[in-house]
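>>> when you get a sec, could you give me coordinates for this:
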Amino acid sequence: MVVYYGTGRRKTSVARVYLKVGEGKKIKINGREYEDLKEYFQRDTLVRTIKEPLILTETIGKFDILATVKGGGLAGQAGALRLGISRALIEYNDSFKSVLKTRKLLTRDPRMVERKKYGKKKARKSPQYSKR
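Numbers count the residues shown, from 1 in each chain. Model (predicted):
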């Protein structure tokens with residue numbers, strides 16, 4: 001049994017991804033099996049972002065996905081999973097690196113939520129101004 005591993009991070013989410021050579025029908029996220037990624041991620045856009053590295057490298061039916069995803073919301077988890085899959089695919093075949101790199105699928109997205117400052121309602125929103 002050959003397994004390829006990749007770690008992905010996005011916002012506050014961390015995904016540990018294992019790609020096992022198989023028929024591509026088995027998707028296991030956080031110890032629970034799913035028929036399709038849409039059952040867990042609910043939105044088509046998120047499913048598309050996750051499948052992007054598999055589609056680009058033409059390996060969509062070759063791997064079973066086993067992933068542990070923690071932290072953040074669904075969008076962050078989807079981004080983390082995509083990076084983890086991309087890194088695992090490079091472990092499988094090093095020639096995929098150029099294809100994935102041109103589409104920026106190997107770059108960890110550094111955007112995080114800005115922290116709230118004191119005296120403000122959110123990170124930048126000020127309390128309502130009162131003249132009198």
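
>>> residue contacts, residue 29?
40, 65, 67, 68, 69 (Cβ atoms under 8 Å, 6 or more residues apart in numbering). (C-beta placed from N, C-alpha, C; glycine too.)

>>> count of neighbours near the second one?
What that stands for is residue 65. Neighbours of residue 65 under the rule other Cβ atoms under 10 Å: 23.

>>> and what of the third one?
Other residues near residue 67 come to 24 when the count uses other Cβ under 10 Å.

>>> now it, which residues is it bridged with?
Beta-bridge partners for residue 67, by DSSP bridges, are residue 17, residue 29.

>>> residue boundaries of the helices in the protein?
Secondary structure of the chain (DSSP state H): helices located at 38-41, 44-56, 74-92, 96-102.

>>> and residue 14, which of these is closest to it?
Residue 14 lies closest to helix 74-92 among the helices of the chain, at 6.0 Å (Cβ to Cβ).

>>> alpha carbons only: can I get the closest one in PDB?
The C-alpha trace of helix 74-92 is given here as PDB (Å, rounded to 0.1, in the frame of the first residue of the first chain):
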ATOM      1  CA  LEU A  74     -15.200  25.500   5.500                       C
ATOM      2  CA  ALA A  75     -13.400  27.900   3.100                       C
ATOM      3  CA  GLY A  76     -10.200  27.800   5.100                       C
ATOM      4  CA  GLN A  77     -10.400  24.000   5.400                       C
ATOM      5  CA  ALA A  78     -11.000  23.700   1.600                       C
ATOM      6  CA  GLY A  79      -7.900  25.900   0.900                       C
ATOM      7  CA  ALA A  80      -5.800  23.800   3.400                       C
ATOM      8  CA  LEU A  81      -7.000  20.600   1.800                       C
ATOM      9  CA  ARG A  82      -6.100  21.900  -1.700                       C
ATOM     10  CA  LEU A  83      -2.500  22.700  -0.600                       C
ATOM     11  CA  GLY A  84      -2.200  19.400   1.100                       C
ATOM     12  CA  ILE A  85      -3.300  17.500  -2.000                       C
ATOM     13  CA  SER A  86      -0.900  19.500  -4.200                       C
ATOM     14  CA  ARG A  87       2.000  18.700  -1.900                       C
ATOM     15  CA  ALA A  88       1.100  15.000  -1.800                       C
ATOM     16  CA  LEU A  89       0.900  14.900  -5.600                       C
ATOM     17  CA  ILE A  90       4.500  16.300  -5.800                       C
ATOM     18  CA  GLU A  91       5.600  13.500  -3.500                       C
ATOM     19  CA  TYR A  92       4.000  11.100  -5.900                       C
END
